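> Pasting the sequence and the predicted coordinates here, then a few questions.
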Amino acid sequence: MCYPGKPGSTKAAKGVMEGFAAHLETEAKLEKGALSAIYMNEEKPALEHLQESKPSYGILSLAIYLKWKAAGTKITPIAISEKGESHELTERFHALVPATSTRKGLADLKGSVVTSCFLDDPRFATKIVFAGALDASSDVAIVATRMFLPALRLCADEKPLPDGRKLAAVIVDDAQLKGLEGLPFKNKLKVLWSSKPLPTPPFVAFGDAQGTDLSKKLTTILSGMSSQAAGKAVLETLQETSGFRPVPEGAYAGVESAY
């Protein structure tokens, strides 16, 4: 599982990932230890793991999926993540600015500094998140951060970054936007812009794993997790998804083409 920008660590998630693998083993009627799982929230170690350990399957952020596929990795989505209580198959990014900002839309961010946990890949930011309306390599200065709450506080209070630059906006995902509810500085921020709906992270098969009996079995098991008590309990520990579903036809075609 590779979700750059998300919280936690490989060590902290060890028990959760072991529980996920054990559930899949049980449901697939595999012997104990047949499956293993690891969580990473940085691309570099995840890419090294991919190249050295050659895993058969992965759950990847949309950005990582598109980047690795474009780089030539043989990779096929076999399930799609569901998000939230309504089990949505899409999610969006949002630009938050100070409530007092006079900016009217995304184009007004040209020449400014924005920060995010998810825009390390300028190509993904430009072509997918901003849909070509901004060039992340030239129109804006993107500051990558793993601590989005401090960045939001700076933005809300219209205070500069530690390097002295003024922060114009923070790009967050749906989960981070929802997480602002109840925070004392929420009313000092407003949504300037929201991206178009984008497909949620895929469960993928690497190499020749796609189309195997195990892949078909895993797709069926994943798709039924949210409707059974044991599966639902495992999903709650994963936090990033409320379920899985077989990939609808063309779900990733648009973003693959755009990227």
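Now that the structure is in, tell me what you want to look at.
> List the contacts of the residue nearest the centre of the chain.
Centroid check for the chain by CA atoms, centre = their mean gives Ser61 as the closest residue, at 3.9 Å. Contacts of Ser61 were listed using CB atoms under 8 Å, 6 or more residues apart in numbering, and they are 2-6, 118, 201. For the C-beta atoms, the positions are set from N, CA and C on the backbone; glycine is no exception.
> Show me which of those is closest to Ile171.
Set against Ile171, the nearest of these by CB to CB is Phe118 (6.9 Å).
> For Leu60, give me its contacts.
Counting by CB under 8 Å, 6+ apart, Leu60 has contacts 1-3, 68, 201-202, 204.
> which one of those has the most neighbours?
Within the contacts of Leu60, neighbour counts (other CB atoms under 10 Å) peak at Val204, which reaches 27 neighbours.
> Neighbouring strands - and their directions - for whatever helix or strand that residue lives in?
Secondary structure assignment for Val204, by DSSP states H and E: strand 202-206. Partner strands for strand 202-206, per DSSP bridges, with pairing direction: strand 57-59 (antiparallel), strand 75-82 (antiparallel).
> count of neighbours near the spatially closest residue to Pro55 that is not a sequence neighbour?
Residue nearest to Pro55 in three dimensions, not counting chain neighbours: Phe206, with 6.2 Å by CB to CB, 6 or more residues apart in numbering. Look at Phe206: counted by other CB under 10 Å, it has 17 neighbours.
> where exactly do the helices run in the stretch 151-259 of the chain?
Ranges of helices in the stretch 151-259 of the chain, per DSSP state H, counting those that start in this stretch, are 174-179, 213-224, 229-238, 253-258.
> quick one, which of these is nearest to Lys127?
Comparing the helices of the stretch 151-259 of the chain under CB to CB, the one sitting nearest is helix 253-258, at 5.2 Å.
> Show me what the lengthiest helix in the chain is in contact with.
When the chain is parsed with DSSP state H, its longest helix is helix 14-28. For helix 14-28, the external contacting residues (CB under 8 Å, 6+ apart) are 1, 30-39, 214, 217-218, 221-222, 225, 230-231, 234, 237-238.
> so who does Leu167 touch?
113-115, 143, 151, 154-155, 159-161.
> could the residues you listed be laid out in JSON lines, adding distance to Ala46, pLDDT and neighbour count?
Putting these into JSON lines (distance: CB to CB, whole Å; pLDDT from 0 to 100; neighbours: other CB atoms under 10 Å) gives the following:
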{"residue": "Val113", "distance to Ala46": "27", "pLDDT": "96", "neighbour count": "17"}
{"residue": "Val114", "distance to Ala46": "25", "pLDDT": "96", "neighbour count": "24"}
{"residue": "Thr115", "distance to Ala46": "22", "pLDDT": "95", "neighbour count": "24"}
{"residue": "Val143", "distance to Ala46": "22", "pLDDT": "92", "neighbour count": "16"}
{"residue": "Ala151", "distance to Ala46": "23", "pLDDT": "92", "neighbour count": "23"}
{"residue": "Leu154", "distance to Ala46": "29", "pLDDT": "94", "neighbour count": "18"}
{"residue": "Cys155", "distance to Ala46": "29", "pLDDT": "95", "neighbour count": "25"}
{"residue": "Lys159", "distance to Ala46": "33", "pLDDT": "93", "neighbour count": "10"}
{"residue": "Pro160", "distance to Ala46": "33", "pLDDT": "91", "neighbour count": "11"}
{"residue": "Leu161", "distance to Ala46": "28", "pLDDT": "90", "neighbour count": "15"}
